[in-house]
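Engineer: this one's sequence-less:
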């Protein structure tokens, strides 16, 4: 392991201190106060570039059409064709490195590639002083998340991770309810998702499978070597793309990486969580190629000031916590959801307003006033930050440590550690970016890169 870039705990504490200048865990500090590099006038349009434009990147670009879309990059021009057509005046590239070499007018970059490219495209932009919007999870590994957050801070660029719900009314109401004592002292949190499945006969992407043996011809529109990027070489196969890359260890981060940065965020804000002390996991049988079909991951967080320690448990593949006995007969927990357990009641997250359980507690609790500043919109936050306004609510000082915690759960899921982790849980030293009680687990905090790729 290399010497860590900085302390994630210190980074998060610095961020939380800034956020409490107004209230709670929502940051409203003018960008010029933080010295954001190259801030554009509020009256000028940004020149934006998209890297990875065929999937979620297309949605991100649509939400940023108030600005100038000047460059587009995708390694598969067939997959990106409809987006090239939508923005005919934008320059077209396959390699983002060549884009940066020639498109000097770029102010900011939207990174929506497969997970294994996130850190590389983001770092290239950051080091050139470009503002960065990067889809979740921020990176493919824990170490990369630390390094990217540190680089963004050093280069003073405006950043935002693509966990859009952080700007929502529901996120703010949850904090207001918890801080208002709606369910008393919270010691447990549960988060679940049906992914990678979406029903009995369907799946979002495959997991629990082996690598294909056959080799297929690479489509003429795809640069397969660029798509692989820093990942180990393997022959092209449609089992990997588009989108199906998410279940492969070399390219994706599984269900936890896909949903965790969305669903952990409101709970981290409401409970003021920082780094966990320990993490452990259990799962269906798997291999070194893909994530398991279903898993649970349990984190233990320490006390924070006068806040009690918290156990947070993640469930995927359709697994869920026990059904709260306070739910009425026929009420559903939902395919994806969250539950917080306090000593005076429970909250299940359903819609814009948290639902308190039992009904008697819900009836006696008066909903708190709306004291947390409301967002101007997730994408608008980033645009405003690029122009010298308040940093986005999921800027990399927040998103980096959050991503570290999420991806630490994937370390506990590695099949190579499976037997050892029946005997212990991983003990996490966040300031030093290492697992203290199982040295061999530290290799999974980062990954080796293919020749020609470095971060």
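Structural biologist: Sure, I can see it. What you see is a predicted model; the values in this text were computed from it and never measured.

Engineer: for the closest residue to residue 137 other than its chain neighbours, helix, strand, or coil?
Structural biologist: With sequence-adjacent residues excluded and distances taken as C-beta to C-beta, 6 or more residues apart in numbering, residue 137 is closest to residue 257, at 4.5 Å. Quick note: C-beta positions are derived from backbone N, CA and C, even for glycine. Three-state assignment for residue 257 (DSSP: H, G, I helix; E, B strand; the rest coil): helix.

Engineer: Check residue 72 too.
Structural biologist: With three-state DSSP as the basis, residue 72 sits in strand.

Engineer: Hmm, residue 81 and it touching each other?
Structural biologist: No. If you go by C-beta atoms under 8 Å, residue 72 and residue 81 don't touch, sitting 10.7 Å apart.

Engineer: returning to what we had before: now do the same contact list for the residue nearest to residue 137.
Structural biologist: When contacts are counted by C-beta atoms under 8 Å, 6 or more residues apart in numbering, residue 257 touches 115, 136, 137, 246, 406, 407, 410.

Engineer: Out of the residues you listed, list just those in helices.
Structural biologist: Those of the contacts of residue 257 mapping onto helices are 115, 406, 407, 410, per DSSP state H.

Engineer: from these, which single one is nearest residue 319?
Structural biologist: residue 410 (16.2 Å; C-beta to C-beta).

Engineer: Quick check, the closest one in contact with residue 254.
Structural biologist: Yes. When contacts are counted by C-beta under 8 Å, residue 410 is listed as touching residue 254 (6.4 Å).

Engineer: Now for those two: what residues contact both?
Structural biologist: Both residue 410 and residue 254 are contacted by residue 291, under the criterion C-beta under 8 Å, 6+ apart.

Engineer: mind listing the helices for the stretch 351-455 of the chain?
Structural biologist: Using DSSP state H, counting those that start in this stretch, the helices of the stretch 351-455 of the chain run over 359-364, 378-386, 396-412.

Engineer: Let me fix that, I meant to ask about the stretch 201-350 of the chain.
Structural biologist: Under the criterion DSSP H, counting those that start in this stretch, helices of the stretch 201-350 of the chain are mapped to 224-228, 254-271.

Engineer: Go through the helices of the stretch 351-455 of the chain and name the closest to residue 67.
Structural biologist: Nearest to residue 67, of all the helices of the stretch 351-455 of the chain, is helix 378-386, at 6.4 Å by C-beta to C-beta.

Engineer: got a list of contacts for that closest one?
Structural biologist: Applying C-beta under 8 Å, 6+ apart, the external contacts of helix 378-386 come out as 31, 36, 39-40, 42, 46, 60, 63-64, 66-67, 107-108, 131, 133, 158-160, 164, 166-167, 375-376, 390-395.

Engineer: what do you get if the cut-off is 7 Å, keeping everything else the same?
Structural biologist: 31, 36, 39-40, 46, 63-64, 67, 107-108, 131, 133, 158, 160, 164, 166-167, 375-376, 390-393 (C-beta atoms under 7 Å, 6 or more residues apart in numbering).

Engineer: Just the ones in strands from the residues you listed, please.
Structural biologist: Among those, DSSP state E puts 108, 131, 133, 160 in strands.

Engineer: So which of these is the closest to residue 54?
Structural biologist: residue 133 (16.6 Å).

Engineer: residues in contact with residue 315?
Structural biologist: 192, 296, 321.

Engineer: ranking the residues you listed by neighbours, who comes first?
Structural biologist: Greatest neighbour count in the contacts of residue 315, by other C-beta atoms under 10 Å, goes to residue 192: 24 neighbours.

Engineer: so how far is residue 137 from that one?
Structural biologist: 18 Å (C-beta to C-beta, to the nearest Å).

Engineer: Show me the strands in the stretch 201-350 of the chain, by range?
Structural biologist: 202-203, 278-283, 295-301, 310-316, 337-342, 346-348 (DSSP state E, counting those that start in this stretch).

Engineer: Least reliable of the ones you listed by average pLDDT, please.
Structural biologist: Looking over those, mean pLDDT reaches its minimum on strand 202-203, with a mean of 74.

Engineer: how many neighbours does the nearest residue to residue 357 once chain neighbours are set aside have?
Structural biologist: Leaving aside its sequence neighbours, residue 357 sits nearest to residue 326 (C-beta to C-beta, 6+ apart; 3.8 Å). Residues within reach of residue 326, counting by other C-beta under 10 Å, total 17.

Engineer: gap between the spatially most central residue of the chain and residue 177?
Structural biologist: Geometric centre of the chain, nearest residue: residue 137, 3.0 Å, by C-alpha atoms, centre = their mean. Relative to residue 177, residue 137 is positioned 27 Å away (C-beta to C-beta).

Engineer: Same check on residue 290?
Structural biologist: Using C-beta to C-beta, residue 290 is found at 38 Å from residue 177.

Engineer: Looking at these two, which has the bigger crowd around it?
Structural biologist: Using other C-beta under 10 Å, the more surrounded residue of residue 290 and residue 177 is residue 290, with 24 against 21.

Engineer: Quick check: the more buried one touching residue 205?
Structural biologist: No. At 9.2 Å, residue 290 and residue 205 do not qualify as touching, with contact defined as C-beta atoms under 7 Å.

Engineer: overlap in contacts of these two?
Structural biologist: Common neighbours of residue 290 and residue 205 (C-beta under 7 Å, 6+ apart) are residue 247.

Engineer: Extract the residue ranges of the stretch 51-200 of the chain that are flagged as low pLDDT.
Structural biologist: Residue ranges of the stretch 51-200 of the chain with pLDDT under 70: 199-200.
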